[in-house]
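[1] Okay, sequence plus prediction incoming.
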Amino acid sequence: MINKNISCNVKDCKYHAQTENYCTLNSIQIVNHTTPATTKESTDCASFEKK
């Protein structure tokens, strides 16, 4: 089921909706790589799983 609250264009992810640029999960986990996170590159979607 497409979750229109989470947009995503990572088509390599198992949870990408494929027909539209959305996620199929109910929620996602975002983590940071540095503390404090100061740029978007300092964060990542921890819910990502390769197809």
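    Yep, it's here.
[2] C-alpha from now on. contacts and neighbour counts both.
    Noted.
[3] my guess is residue 6 contacts residue 16, does it?
    No: here residue 6 does not reach residue 16: they are 10.0 Å apart, not a contact under C-alpha atoms under 8 Å.
[4] which residues do those two both contact?
    Common neighbours of residue 6 and residue 16, counting by C-alpha atoms under 8 Å, 6 or more residues apart in numbering, are 22, 23.
[5] And those two? Which one has more around it.
    More crowded of residue 6 and residue 16, by other C-alpha atoms under 10 Å: residue 16, with 24 against 15.
[6] Once you drop chain neighbours, what's closest to that one?
    residue 23 (4.8 Å; C-alpha to C-alpha, 6 or more residues apart in numbering).
[7] how many neighbours does that neighbour have?
    Counted with other C-alpha under 10 Å, residues neighbouring residue 23 total 25.
[8] Contact partners for it?
    Counted by C-alpha under 8 Å, 6+ apart, residue 23 has contacts 2, 3, 4, 6, 7, 8, 15, 16, 17.
[9] So what does residue 40 have for phi and psi?
    Dihedral pair for residue 40: phi -70, psi -30, per degrees, to the nearest 10.
[10] what comes up buried for the biggest strand by length in the chain?
    Identified as the longest strand of the chain according to DSSP state E is strand 3-7. Using 16 or more other C-alpha atoms under 10 Å as the test for burial, strand 3-7 gives residue 3.
[11] got the CA positions of it in PDB?
    Output of strand 3-7 as PDB, limited to C-alpha atoms (Å, rounded to 0.1, in the frame of the first residue of the first chain):
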ATOM      1  CA  ASN A   3       1.900   5.800   2.000                       C
ATOM      2  CA  LYS A   4       1.300   9.300   0.500                       C
ATOM      3  CA  ASN A   5       2.900  10.800   3.700                       C
ATOM      4  CA  ILE A   6       6.400   9.500   2.800                       C
ATOM      5  CA  SER A   7       7.700  10.500  -0.500                       C
END
